[in-house]
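Asks: the following block contains a protein sequence and its predicted model.
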Amino acid sequence: MLRIGIGGPVGSGKTQLIERLLPAIGEAGIKVAVVTNDLVTKEDAERVRQSGLINPDHVVGVETGACPHTAIREDPSANLEAIDNLERSCGPFDLFLIESGGDNLSATFTTDLVDYWIYVIDTAAGDDIPRKRGMGIVQCDLLLVNKTDLAPHVGASLQRMREDLAVIRPSRPTLFTDLRAGGAKDVFDQLRKDILFADLPA
């Protein structure tokens, strides 16, 4: 069983990334479950359940009750319990997608919770975001720069972001995408490349 974390600021596209990945994961014959984190609601879990992209019983929402990063880094027990409950009730699963609640640039996942993690930022927040060097951007296994279509409308330079990230993340992958306009094939292909699914059915 593999566990992939998905983090990033509010509105960056974390839930949409899950929705775009689910069809590709399903087509690959991978049995997947989703755990979402929100502060005092289960809004994201309900959205994924109602998407028609996954069995609703395979989606669980966790209410963190505190800053989202506490449940993915300092004390992941609520998420680990949700995973265990899903495994007992509907498993076994090949893959868990664990979405953090929207958090700041310093949010990171503990290795006790995930095997690999994706951090999502969006160009509408400004092309200076990479230069702020938050731990999420620097340490994640895969950085996703989303909403590239909005860059011209907010005066953000994608080229500047690419150049900055080449310096900040010289040996770690970064992908630029507009998830709203299409799927997440490049993201799924990157996950394949990183051998996350080497032991899963093709």
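Replies: Nice, I can see it.
Asks: where in this structure is the helix or strand with the lowest mean pLDDT?
Replies: Every helix and strand of the chain was ranked by mean pLDDT, DSSP states H and E. The lowest is helix 68-69, at a mean of 82.
Asks: now do the helices in the chain.
Replies: 14-27, 43-49, 68-69, 77-90, 135-139, 151-154, 158-168, 185-193 (DSSP state H).
Asks: burial count for the nearest residue in space to F176 that is not next to it in sequence?
Replies: In space, and not counting its chain neighbours, F176 is closest to V145: 4.7 Å by C-beta to C-beta, 6 or more residues apart in numbering. C-beta: built from backbone N, CA, C; applies to glycine. V145 has 27 neighbours, counted by other C-beta atoms under 10 Å.
Asks: mind checking how far the residue lying farthest from the centre of the chain is from T123?
Replies: In the chain, the residue that sits farthest from the middle, by C-alpha atoms, centre = their mean, is G155; the gap is 25.8 Å. Note on G155: its distance to T123, by C-beta to C-beta, to the nearest Å, is 10 Å.
Asks: and the closest residue to L113 other than its chain neighbours, what's its pLDDT?
Replies: Spatial nearest neighbour of L113, excluding adjacent residues (C-beta to C-beta, 6+ apart): P76 at 4.0 Å. As predicted, P76 sits at a pLDDT of 95.
Asks: which residues does Y116 contact?
Replies: Applying C-beta atoms under 8 Å, 6 or more residues apart in numbering to Y116 gives the contacts 2-5, 141-142, 191, 194, 196.
Asks: closest to L86 out of the residues you listed?
Replies: Proximity of the contacts of Y116 to L86 was ranked by C-beta to C-beta; the top entry is R3 with 11.4 Å.
Asks: hang on, that closest one packs against T111?
Replies: No. If you go by C-beta atoms under 8 Å, R3 and T111 don't touch, sitting 9.9 Å apart.
Asks: which of these two has more neighbours?
Replies: Taking neighbours as other C-beta under 10 Å, R3 and T111 compare with R3 leading, 23 against 13.
Asks: distance-wise, check the more buried one relative to R131.
Replies: In terms of C-beta to C-beta, R3 sits 30 Å off from R131.
Asks: what's the answer for D44, then?
Replies: 29 Å.
Asks: any stretches of this structure with poor pLDDT?
Replies: The chain contains residues with pLDDT under 70 at 195-202.
Asks: try 80
Replies: 182-183, 195-202 (pLDDT under 80).
Asks: wait, what's in contact with the closest residue to A151 other than its chain neighbours?
Replies: Nearest non-adjacent residue to A151, counting by C-beta to C-beta, 6+ apart: T123, 4.3 Å away. Contacts for T123 were tallied using C-beta under 8 Å, 6+ apart; they are 145-148, 150-151, 154, 156, 158, 161.
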